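>>> Below: sequence and its predicted model.
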Amino acid sequence: MSKTDSSLKIALVGREMVADRTMSFRFERPAAWFHRAGQSLDMTLIDPPETDAEGNLRAFTISSAPREYVIQITTRLRDTAFKRVLQQVPLGTQVKIEGPFGDFRLHNAARPAVLLAGGIGITPFRSILVEAIGGGPLPYRVTLFHANRRPEDAAFADEFRALELRDSNLAYVPTMTAMADSAEPWDGERGHIDAAMLGRHLGDVVAPIYYIAGPPGMVEAMRGTLAASGVDEDDIRTEEFSGY
């Protein structure tokens, strides 16, 4: 590990498919480096074997929790030079990171939280919930909604089900929007997250704070849904994922 100004060089130590076309990349975490659950970083490839017009730098939310002592990012595998390089370079290859950045984290007030994730927007919530539940029971009720096209696309689904069993304050509500394209059975929610779905699962939840993470269109649509339901803008926190 070497340091220049605010950047660090860290080595790739592992790769794992966590959903269809979705992979987690794990990197060494320097002893002096720390992040809060829900934060992001900038990653730059160093002298990659190929590049393209999108360049060698990407911003990623950190999907690992601080207590896991690894830096993990999780991303959809689009056909770009950056993603191809990360999949193909040998373990031990170094990348440069800067950060961490951002303040997308659970509140301290004794109010429920509703987490609304679209696709790969689940990554900050994975970090947040693993960190929080690893330290003991959640301090208030948390309901996590996660929209994907198919079960095959739902990153960390088994992990969230295990966390739900571990902590009675967590409710996990996955929903699928394109089951006609799936080869797996599904008996859960279907369709996009909307006011009716929220009502089915939040009937007895009083004055929650909402967190939205996903593609810009999904974030904007959810903002509109919440506003139309009378949710105060001050009770909505968002994180947009562009380009993946």
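Here it is on my side, so go on. Only a predicted model underlies this, so the values are computations on that prediction, with no experimental measurement involved. Numbers count the residues shown, from 1 in each chain.
>>> Residue for residue, what is the longest strand this protein has?
Determined from DSSP state E, the single longest strand within the chain is strand 7-19.
>>> partners of whatever helix or strand comes next after that strand, with directions?
For strand 7-19, the following helix or strand on the C-terminal side (DSSP states H and E) is strand 22-27. Looking at strand 22-27 with DSSP bridges, its partner strands are strand 7-19 (antiparallel), strand 71-76 (antiparallel).
>>> Identify all contacting residues around the last one.
With Cβ atoms under 8 Å, 6 or more residues apart in numbering as the test, strand 71-76 has contacts from 10, 18, 21-29, 33, 35, 41, 43, 60-64, 83, 97, 119-120, 123, 126, 155, 244. In short, each C-beta sits where N, CA and C put it, glycine included.
>>> Can you say which of these are buried?
Among those, those scoring as buried are 10, 18, 22-29, 33, 35, 41, 43, 60-64, 83, 97, 119-120, 123, 126, 155, 244 (criterion: 16 or more other Cβ atoms under 10 Å).
>>> From residue 146, how far off is residue 100?
For residue 100, the distance to residue 146 equals 23 Å [Cβ to Cβ, to the nearest Å].
>>> Between the two, which has more neighbouring residues?
residue 146 (26 against 18; other Cβ atoms under 10 Å).
>>> hang on, the more buried one packs against residue 122?
Yes. The criterion here is Cβ atoms under 8 Å, and residue 146 meets it with residue 122 at 5.5 Å.
>>> returning to that earlier point: who's in contact with the longest strand of the chain?
Under Cβ under 8 Å, 6+ apart, the answer for strand 7-19 is 1-3, 23-30, 33, 44, 46, 70-71, 74, 86-87, 89, 91-98, 148, 152-157.
>>> Got a ChimeraX select line for the buried ones in these?
Of these, the buried ones go into a single ChimeraX selection, burial set by 16+ other Cβ under 10 Å:
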select :23,24,25,26,27,28,29,33,44,71,74,86,89,93,94,95,96,97,148,152,153,154,155,156,157
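>>> Which members of the contacts of strand 7-19 occur in helices, if any?
Among the contacts of strand 7-19, the members found in helices (DSSP state H) are 86-87, 157.
>>> possible to save the residues you listed as JSON lines with pLDDT and distance to residue 183?
Putting these into JSON lines (pLDDT from 0 to 100; distance: Cβ to Cβ, whole Å) gives the following:
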{"residue": "86", "pLDDT": "97", "distance to residue 183": "27"}
{"residue": "87", "pLDDT": "97", "distance to residue 183": "24"}
{"residue": "157", "pLDDT": "98", "distance to residue 183": "16"}
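>>> Name the nearest of these relative to residue 236.
Minimum distance to residue 236 across these is 25.1 Å, recorded for residue 157 (Cβ to Cβ).
>>> so who does the nearest residue to the closest one once chain neighbours are set aside touch?
Using Cβ to Cβ, 6 or more residues apart in numbering and skipping residues adjacent in sequence, the residue nearest residue 157 is residue 174, 6.1 Å away. Contact partners of residue 174, counting by Cβ under 8 Å, 6+ apart, are 145-148, 151, 154, 157, 160, 188-189.
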